[in-house]
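> following is a predicted model, sequence given first.
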Amino acid sequence: MPIILSLLCKRGEVDMSQMSKKPNNQAWNYHPDLPLKDGSIFVWPPQPIRLLDWFFTHWLVLSERVLMVGLAILLWAFIYPSIDQVGSFEFGWVMQVWGINLLLMIVSAGGLHLWFIRFKKQGNVLKFDPRSQGQNNSLWNFSDQVKDNMFWSLGSGVFHLTAFQVITMWMMANDYVPTFAFADHPIWFISALVLLPIWSAFHFYWVHRLLHVPFLYKHVHVLHHRNVNVGPWSGLSMHPVEHILYLSSLCVHWIVATHPIHLIFHVIYQDGNQEMPWDRWFGTFHNGTEDATRQTRIRKKKMYQ
C-alpha cells in the first residue's frame with residue numbers, strides 16, 4: 001500500500017556553478033539546493049562502496065523496507081487468507097482481502113496525514129507549499145481536496161488493488177502461475193525482495209510516460225495532477241483507468257516465480273519509489289533548474305503539436 005511521503009524532499013548537494021539557475025519562487029516554503037543530486041546507486045563508473053552502503057542501509061538494518069517485509073510476513077501468516085483457502089472465488093475471503101487493504105490504506109495514509117498535515121508535527125520543514133490543502137473549491141469532489149483524495153484512494157484505488165491481488169492469489173492457489181517455497185530457493189526468495197522495487201519503479205516510469213500522452217493526460221491523468229499541494233492521500237488518488245495501468249505492476253507475479261510473501265510485500269511497497277535513474281537515462285529528469293524547465297516545456301510542446 002503506498003505510503004506517500006510526498007511532503008518530503010531529500011536535500012541535494014550544492015553545485016556552485018548552477019546557483020544562478022536556482023528558481024526564486026517566493027510562494028515556496030522550501031527551496032532545495034540545485035541542481036538536484038543524482039541519488040541513484042546505478043552510476044558510471046560503478047562505485048562499489050556506495051552500492052554496499054546502500055544495501056546495508058536499506059536491507060541489513062531496521063529500515064523502511066525491512067519493516068515492510070516484516071509486515072508482509074505477519075500479514076501472510078496471520079491476517080490474509082492462506083493460499084489453501086483461495087482456490088475458488090468466494091465472497092468471504094475476497095472481502096477479507098479488501099477489508100485488510102482498506103484498513104492498511106487508512107492507517108498508513110491517514111496516519112501520515114494526521115501527523116504531517118492535521119497536527120503539523122514537522123511544521124513546514126521540507127514542505128514546498130506552506131498553504132493548507134484545497135477547500136471550498138469546485139475543482140475537487142466534495143469541494144475538498146482531502147475528501148476528494150480519500151474518495152479516489154479508498155474507492156477505486158483499494159478496489160483495483162484488491163482485484164489484482166485476489167486474482168493473483170487465486171492463480172497461485174490453482175498453480176496457474178509459478179510459485180515456490182522459501183526452503184527450495186532461499187537465495188531467489190531474498191533476491192526477489194530486492195528486485196521487486198526495481199521492477200515497480202521501471203513499470204511506473206513507463207506507465208507514467210504513457211499517461212502523459214495528450215489524450216490520456218486530458219481524460220485520465222489530469223485527475224491525479226490536480227494535486228499541486230500534495231499530501232499523504234494524494235499518491236493513490238487517480239482515475240480508475242490509471243489505477244489499472246499503475247497496479248498492473250502486480251502482473252509480474254503471473255510470469256515470474258514468487259512466494260505469496262513477495263506478492264504482499266509488492267502490494268505494500270507499490271509507491272513508485274526511485275530505484276534506478278530511469279528519468280535521467282531517458283532524458284526526462286527535471287533537476288529543478290530553469291534550464292530543465294525550458295527543456296520540459298519544449299518537450300511538452302512537441303507532444304501537443
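Okay, I see it. Numbering: from 1, shown residues only.
> return the helix or strand in the chain with minimum mean pLDDT.
Per-element confidence for the chain was summarised using mean pLDDT, DSSP states H and E. The lowest value among helices and strands belongs to helix 278-281, with a mean of 75.
> what sits up against it?
When contacts are taken as CB atoms under 8 Å, 6 or more residues apart in numbering, the neighbours of helix 278-281 outside the stretch itself are 38, 40, 201-202, 205, 285-286. (Glycine included, C-beta is placed from N, CA and C.)
> what of stretch 200-213?
Outside of stretch 200-213, the residues within contact range by CB under 8 Å, 6+ apart are 216-217, 220-221, 242, 245-246, 248-249, 252, 266, 269-270, 272-276, 278-279, 282, 284, 303.
> give me the number of neighbouring residues for Gly111.
The number of residues packed near Gly111 is 12, by other CB atoms under 10 Å.
> what's the helix or strand for it?
Take DSSP states H and E as the rule and Gly111 turns out to sit in helix 91-113.
> what are the buried residues along that helix?
Buried positions in helix 91-113, judged by neighbour count with 16 or more other CB atoms under 10 Å: 93-94, 96-98, 100-102, 104-106, 108-110, 112-113.
> likewise for stretch 109-126?
The neighbour-count check on stretch 109-126 (16+ other CB under 10 Å) flags 109-110, 112-113, 116-117, 126 as buried.
> what do you get for stretch 178-189?
Within stretch 178-189, the residues that qualify as buried by neighbour count (16+ other CB under 10 Å) are 179, 188-189.
> switch the residues you listed over to a markdown table; also include pLDDT and secondary structure.
As requested, those are exported to a markdown table (pLDDT from 0 to 100; DSSP: H, G, I helix; E, B strand; the rest coil):
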| residue | pLDDT | secondary structure |
| --- | --- | --- |
| Thr179 | 97 | strand |
| Trp188 | 98 | helix |
| Phe189 | 98 | helix |
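> would you list the residues you listed in JSON lines and tack on distance to His212?
Conversion of these to JSON lines gives the following (distance: CB to CB, whole Å):
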{"residue": "Thr179", "distance to His212": "36"}
{"residue": "Trp188", "distance to His212": "35"}
{"residue": "Phe189", "distance to His212": "36"}
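> for Ile264, see how far away Ala77 is.
10 Å (CB to CB, to the nearest Å).
> neighbour count winner among these two?
Set Ala77 next to Ile264 and count neighbours by other CB under 10 Å: Ile264 wins out with 23 against 10.
> which other residues reach whichever strand or helix holds that one?
In this structure, Ile264 is located in helix 260-269 according to DSSP H and E. In this structure, residues lying in contact with helix 260-269 by CB under 8 Å, 6+ apart are 1, 3, 65, 68-69, 71-73, 75-76, 80, 83, 101, 104, 161, 165, 168-169, 172, 179, 189, 192-193, 196-197, 200, 249-250, 252-253.
> can you map out the helices along the stretch 51-200 of the chain?
Residue ranges of the helices in the stretch 51-200 of the chain, as given by DSSP state H, counting those that start in this stretch, are 64-74, 91-113, 145-151, 158-173, 186-211.
> only the buried subset of the contacts of helix 278-281, as a ChimeraX command please.
With 16+ other CB under 10 Å as the burial test, the buried ones among the contacts of helix 278-281 are selected in ChimeraX as follows:
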select :40,201,205,285
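> and the helices of the stretch 51-200 of the chain: which comes nearest Ser237?
Evaluated with CB to CB, those place helix 145-151 nearest to Ser237, the distance being 4.0 Å.
> what residues does that closest one touch?
Residues outside helix 145-151 that contact it (CB under 8 Å, 6+ apart): 113, 117, 133-135, 137, 140-142, 226-227, 229, 231, 233-234, 237.
> I'd like the average pLDDT over it.
For helix 145-151, mean pLDDT rounds to 96.
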